[in-house]
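Asks: how would this look folded up:
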Amino acid sequence: MRTDTSPGTLPAREHLPAGDAGTPVLDVVIPVYNEEKDLQPCVLRLHEHLKRTFPYAFRITIADNASIDTTPQVAARLESEIPEVTSFRLEQKGRGRALRTVWSASDAPILAYMDVDLSTDLNALLPLVAPLISGHSDLAIGSRLARSSRVVRGAKREFISRTYNLILRGSLQARFSDAQCGFKAIRRDVAQALLPLVEDTGWFFDTEMLVLAERAGLRIHEVPVDWVDDPNSTVHIVKTATEDLKGVWRVGKALASGSLPLDRVTRPFGDDPRDRDIQDVPKGLARQLVGFCVVGGLSTLFYLVLYSLFRQFGGSQVANALALLVSAVANTAANRRLTFGVRGRGGAVRHQAQGLVVFAIGLALTSGSLAALNAASSDPAHSTELAVLVAANLAATVLRFLLFRAWVFPDRGDSAEEPPLAALNSPSSPTYSTAPQSPQHPQYPGSYAPLPQRQSQQGSYDTASTTQFRAGEAADGTWRDATMQLQPVRPHDTDPRNSR
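Replies: Below you'll find the predicted structure:
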């Protein structure tokens, strides 16, 4: 695992300032390998969409991963015909390698990428990058597994995707919902600090970047997307899954050993100047661990009392099962309220059901310990039984805490609403400060400049006269139904030259 020196602690997030400059605000990278048929339709449709809907200057970068067909010639032709398109050639394969190379050299403050098949509806692009422009978030990802996402794909891919994300939640405690959707964006100052820590150069690049960003306390914004599977995808599922599992093991081991300098990729507590002097903001783990130990100690005493009581009326296995069942229900209720701070009745039944699953694991450990003791001694003493049960419960307690924290009562964080587009063009935005600049690159000269604002066909964007309303509030101050009717996917987002 890499331990390269990164630029240092990140500055507080701030809104990118609006202004008139030639530097693109958004650089959309399209990694390709042997995509001579799909590349031109993809770039034309993406360019038309950005030209029509994106209010700032942009660039489309084609990152060719050592293609051996005519993809380089197609990319060169598009670069010569469209001013906002540029191409970059790599002599080695690897999507992660392509993204790292282009993102590290780009001068745009917002960096994004999407797959060449454009499976994701392009209407999600502006919601993806808006929180990054406003300074609300550090990274943004499209999610096919959100409740409001609309996805069309086969059962096999759906199963693999959901299984993989469950593995990430269980092993790396990841809280983001979709690691593999080819639709992501990152602020350039974050990329400069984070990319030196990401080792993978292939398909696991996305997952590793997100896991490290989340562990460092960076904010990841998720956008529900409409997504249609590409039936002609050339991704080798088994090989990719194997490499991903190897990556999960490598990253998990590095995080457990503390070999990653994640403290160098952190944000101040808040953007308010009064908040930036706050030190050692608690993450909740220490408090939860203390609360869990207190509840666990009391639960263990309660369990032993129940076991001794039930043991007088039945065998050791029956007494153990009954005592563990009653104490597990009480333990889950106490931890729910005291350790993890969950109030109210919402989700109580689900939490108890999940707690019973954890109870079943504890039952297997303790029952197995009793079975081993009875096999070793035909008539063990009561004190010996209690000692064996205490040892087994200690092991079950550690596992119970991990499952409670990662599965039953996960910390999902606070979801803030995206800022309205009018707020992104506010003329009163503060000056944007960045991490140290990366070396100059011949294809990407210059450094951060004030945020340029592209003119529309109807004239300039007049932010001073923009009026903002809350959801459901009309201009006359009355309240109306804020529900928006769903429209067909991509109703106006097709190009006559695109046969797909």
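Asks: quick one: Gly355 and Ala330 touch, right?
Replies: No - using C-beta atoms under 8 Å, Gly355 makes no contact with Ala330, being 10.0 Å away. C-betas here are computed from N, CA, C, even on glycine.
Asks: Compare those two (neighbour count), which wins?
Replies: For Gly355 versus Ala330, the count of surrounding residues by other C-beta atoms under 10 Å is larger for Gly355: 23 against 16.
Asks: could you measure the more buried one against Ala334, distance?
Replies: With distances defined as C-beta to C-beta, to the nearest Å, the gap from Gly355 to Ala334 amounts to 11 Å.
Asks: swap in Asn123?
Replies: Computed as C-beta to C-beta, the Asn123 to Ala334 distance reads 46 Å.
Asks: what mean pLDDT would you report for stretch 298-313?
Replies: Stretch 298-313 comes out with an average pLDDT of 88.
Asks: How many neighbouring residues does Ile237 have?
Replies: In terms of burial, Ile237 registers 11 neighbours under the definition other C-beta under 10 Å.
Asks: how about it, what does it touch?
Replies: 156-157, 160 (C-beta atoms under 8 Å, 6 or more residues apart in numbering).
Asks: Closest to Glu79 out of the residues you listed?
Replies: Nearest to Glu79 among the contacts of Ile237 is Arg157, at 33.0 Å by C-beta to C-beta.
Asks: Next, the contact list for the closest one, please.
Replies: Neighbouring residues of Arg157 by C-beta under 8 Å, 6+ apart: 229, 237.
Asks: Hmm, Thr23 is touching Ser106, no?
Replies: No - the pair Thr23 / Ser106 is not scored as a contact, 10.0 Å apart, by C-beta under 8 Å.
Asks: Which one's more surrounded, the two?
Replies: Ser106 (24 against 20).
Asks: what's across from the closest residue to that one other than its chain neighbours in the sheet?
Replies: Counting by C-beta to C-beta, 6 or more residues apart in numbering, the nearest residue to Ser106 once its immediate chain neighbours are dropped is Asp27, at 4.6 Å. The bridge-partner assignment for Asp27, based on DSSP bridges, gives Arg59, Leu111.
Asks: Just the pLDDT at Glu79, thanks.
Replies: Here the pLDDT value assigned to Glu79 is 94.
Asks: So what does it have for phi and psi?
Replies: Main-chain torsions, Glu79, degrees, to the nearest 10: phi -60, psi -40.
Asks: For it, grab the count of nearby residues.
Replies: Residue crowding around Glu79 was assessed by other C-beta under 10 Å; the count is 18.
Asks: which ones are touching it?
Replies: For Glu79, the residues meeting the contact criterion (C-beta under 8 Å, 6+ apart) are 62, 85-87.
Asks: Please apply the same query to Phe340.
Replies: By C-beta under 8 Å, 6+ apart, Phe340 lies in contact with 288, 404-405, 409.
Asks: Phe359 versus that one, what's the distance?
Replies: For Phe340, the distance to Phe359 (C-beta to C-beta) stands at 17 Å.
Asks: helices or strands up against the helix or strand containing Gly296?
Replies: Taking DSSP states H and E as the definition, one finds Gly296 inside helix 285-311. Here helix 285-311 touches helix 316-334, helix 382-403, going by 3 or more C-beta pairs under 8 Å, 6 or more residues apart in numbering; DSSP states H and E.
Asks: how about the first one as PDB, C-alpha atoms only?
Replies: It stands for helix 316-334. Provided in PDB are the C-alpha atoms of helix 316-334 (Å, rounded to 0.1, in the frame of the first residue of the first chain):
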ATOM      1  CA  SER A 316     -27.700 -26.400  30.100                       C
ATOM      2  CA  GLN A 317     -28.500 -25.900  26.400                       C
ATOM      3  CA  VAL A 318     -32.100 -25.000  27.000                       C
ATOM      4  CA  ALA A 319     -31.100 -22.700  29.900                       C
ATOM      5  CA  ASN A 320     -28.400 -21.000  27.800                       C
ATOM      6  CA  ALA A 321     -30.800 -20.400  24.800                       C
ATOM      7  CA  LEU A 322     -33.600 -18.900  27.000                       C
ATOM      8  CA  ALA A 323     -31.200 -16.700  29.000                       C
ATOM      9  CA  LEU A 324     -29.500 -15.500  25.900                       C
ATOM     10  CA  LEU A 325     -32.700 -14.800  24.100                       C
ATOM     11  CA  VAL A 326     -34.200 -12.700  26.900                       C
ATOM     12  CA  SER A 327     -30.900 -10.800  27.500                       C
ATOM     13  CA  ALA A 328     -30.400 -10.200  23.800                       C
ATOM     14  CA  VAL A 329     -33.800  -8.400  23.500                       C
ATOM     15  CA  ALA A 330     -32.900  -6.300  26.500                       C
ATOM     16  CA  ASN A 331     -29.400  -5.700  25.200                       C
ATOM     17  CA  THR A 332     -30.600  -4.600  21.800                       C
ATOM     18  CA  ALA A 333     -33.100  -2.200  23.300                       C
ATOM     19  CA  ALA A 334     -30.500  -0.700  25.700                       C
END
